[in-house]
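In: sequence and computational prediction follow.
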Amino acid sequence: MNIQIFGTKKSQDTRKAERFFKERGIKFQSIDMKEKGLSKREFESVVRAVGGLDNLIDPDCKDQETLTLVRYLADEQRAEKAFENQGVLKLPIVRNGQQATVGYQPDVWKKWE
């Protein structure tokens, strides 16, 4: 397994995801979204893995202004705007190769073991 956890230090769900993998002795790479974020290819891979951009967007994000803009743009522009403003993404984003989850989803992660 090659686990990557994209999140922030302040996100409770990110900390819970890290704890989930630590408790099982599974090594993971933690990426702070405030410092680095997703690359374009990682972003596109996650969008495909989670079933589309709408599943990746956090309706409760702090940046409601950008969220509103993302919601009302044409489909082609929505992904680009969300990529440029990754603060509208639901965290944590957990990747395992081509698989990915958004939010705290231990039931899915257990199937990866």
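Out: Thanks, I have the structure now. Residues are numbered from 1 along each chain as shown.
In: C-alpha only now, for contacts and for neighbours.
Out: Will do.
In: let me see the contact set for the residue nearest the centre of the chain.
Out: Centroid-nearest residue in the chain, with C-alpha atoms, centre = their mean: Ile93, separated by 2.5 Å. Residues near Ile93 by C-alpha atoms under 8 Å, 6 or more residues apart in numbering: Ile5, Phe6, Gly7, Ala100, Thr101, Val102, Gly103.
In: give me the nearest residue to Asp13, chain neighbours excluded.
Out: Once flanking residues are discounted, Asp13 sits nearest to Tyr104: 5.7 Å by C-alpha to C-alpha, 6 or more residues apart in numbering.
In: surely that neighbour meets Glu18?
Out: No: counting by C-alpha atoms under 8 Å, Tyr104 sits too far from Glu18 to count as a contact (10.1 Å).
In: and the residue nearest to Asp13, what element?
Out: Assigned by DSSP states H and E, Tyr104 belongs to no helix or strand.
In: please enumerate the strands of this structure.
Out: Assigned by DSSP state E, the strands in the chain fall at 3-7, 28-32, 93-96, 99-102.
In: just send those strands back as a markdown table, with mean pLDDT too.
Out: Shown next, in a markdown table, are the strands of the chain (pLDDT from 0 to 100):
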| stretch | mean pLDDT |
| --- | --- |
| strand 3-7 | 96 |
| strand 28-32 | 96 |
| strand 93-96 | 96 |
| strand 99-102 | 96 |
